[in-house]
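1. Just the structure for this:
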Amino acid sequence: MTSYLRQKFQSLTVSSEDAKDGELTSENREEMEQNKIQAMKALVIKQDPSAKDVDDLTIRRFLRARDLDVDKASAMFLKYLKWRREAIPNGFISPSEIPNDIAQNKLFMQGYDKAGRPIVVVFAARHMPASTTVEEFKRFVIYTLEKICARMPSGHEKFTSIADLQGWGYVNSDIRGYLAALSILQDCYPERLGKLLIINAPYIFMTAWKMVYPFIDKNTKKKIVFVEDKKLRATLLEDIDENQLPDCVGGPLKLVPIQDC
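-> Below is the predicted model of the structure:
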């Protein structure tokens, strides 16, 4: 970054004399965020002209993922643009590219939470790493995230996920796959996850969890909740109205496979 641009970005930061952390009004925050969005957009377009077609909401998600640090967010976004050209050269992933993962019938959508975010349900015990490859699984993750984003109601950017670990065992454990999925979610679809509710987690799952946990960024960690079995329904109802609960957790809504969404 040139010294001139650095000066411009630094001028967008609210000084401690004007406002301290936690003392910014919502209007000040919004104005500061809008200024940084425009500054970041100018920077990334200069380095990658294809960024001119990207909307402000996308830029904002990357900024928020890096705590409004323009330098870090710009580097992250430019890396994302390069990744997208290489990982999704046609602009989409076809089901024919992920036949093994789709056949496992492990990811569904149904209903909306109280914030209006679509609900995604994952059955972890149906993931069979021996029946697929890491590369195919990565394409499956991209396919599902693209589907989820396409189904978001107007004015919403996040989704809520229920990960059901009932029956999960070592045959389902896939550390390489989990880390690949985590990297795609955090680096390429930042600020898309609203909340992750992990239910029916067996004790043996904690072995895999301890290996994955250090790679989860602080913003994502805040969104993950392990739900106690005896408090399952009460916890779900904190975020989801009863008439929007999927049938797998005692609600009225029949799950829809991700490929049919």
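2. Go through whichever strand or helix holds Arg84 and flag the buried ones.
-> Element membership for Arg84, per DSSP states H and E: helix 70-87. Residues Val70, Ala73, Ser74, Ala75, Met76, Phe77, Leu78, Tyr80, Leu81 are the ones in helix 70-87 that count as buried (16 or more other CB atoms under 10 Å). C-beta here means a position set from N, CA and C on the backbone, and glycine is covered the same way.
3. again, but for stretch 25-34
-> Met32, Glu33.
4. what's the closest residue in space to Arg60 that isn't next to it in sequence in contact with, if anything?
-> Nearest residue to Arg60, sequence neighbours excluded (CB to CB, 6 or more residues apart in numbering): Ile37, at 5.6 Å. If you count contacts by CB atoms under 8 Å, 6 or more residues apart in numbering, Ile37 has them with Asp56, Ile59, Arg60, Leu63.
5. Likewise for Leu68?
-> With CB under 8 Å, 6+ apart as the criterion, the residues that contact Leu68 are Met32, Glu33, Lys36.
6. In CSV: those, plus pLDDT.
-> Below are the contacts of Leu68 laid out as CSV (pLDDT from 0 to 100):
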residue, pLDDT
Met32, 91
Glu33, 92
Lys36, 96
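7. just to revisit the earlier point, mind saving the C-alpha coords of the helix or strand where the residue nearest to Arg60 lies as CSV?
-> Under the criterion of DSSP H and E, Ile37 resides in helix 26-47. Taking only C-alpha atoms (Å, rounded to 0.1, in the frame of the first residue of the first chain), the coordinates of helix 26-47 have been written out as CSV:
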residue,chain,number,x,y,z
SER,A,26,-24.6,3.4,15.7
GLU,A,27,-24.6,6.4,13.3
ASN,A,28,-20.8,6.9,13.8
ARG,A,29,-20.2,3.2,13.3
GLU,A,30,-22.2,3.1,10.1
GLU,A,31,-20.5,6.1,8.7
MET,A,32,-17.1,4.8,9.5
GLU,A,33,-18.0,1.4,8.0
GLN,A,34,-19.3,3.0,4.8
ASN,A,35,-16.1,5.1,4.5
LYS,A,36,-14.0,2.0,4.9
ILE,A,37,-16.1,0.1,2.3
GLN,A,38,-15.4,2.7,-0.3
ALA,A,39,-11.7,2.9,0.6
MET,A,40,-11.3,-0.8,0.4
LYS,A,41,-13.2,-1.0,-2.9
ALA,A,42,-10.9,1.6,-4.4
LEU,A,43,-7.9,-0.4,-3.3
VAL,A,44,-9.0,-3.8,-4.5
ILE,A,45,-10.3,-2.5,-7.8
LYS,A,46,-6.8,-0.9,-8.4
GLN,A,47,-5.2,-4.3,-7.9
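8. Number the chain from 607, please
-> Fine by me, first position is 607 from now on; the one you just mentioned is helix 632-653.
9. Specify the angle between it and helix 676-693 in degrees.
-> Relative orientation of helix 632-653 with respect to helix 676-693: 50 degrees, computed using axes from the mean of the first three to the mean of the last three CA atoms, to 10 degrees.
10. Toward the C-terminus from helix 632-653, list the very next helix or strand.
-> helix 662-671.
11. Can you mark which positions in that following helix are buried?
-> Applying a neighbour-count criterion of 16+ other CB under 10 Å, the buried positions in helix 662-671 are Thr664, Ile665, Arg666, Arg667, Phe668, Leu669, Ala671.
12. again with stretch 704-721
-> Applying a neighbour-count criterion of 16+ other CB under 10 Å, the buried positions in stretch 704-721 are Ile704, Asp707, Ile708, Gln710, Lys712, Leu713, Phe714, Met715, Gln716, Gly717, Tyr718, Asp719.
13. Restricted to strands, list those residues.
-> Filtering these for membership in strands, criterion DSSP state E, returns Leu713, Phe714, Met715, Gln716, Gly717, Tyr718.
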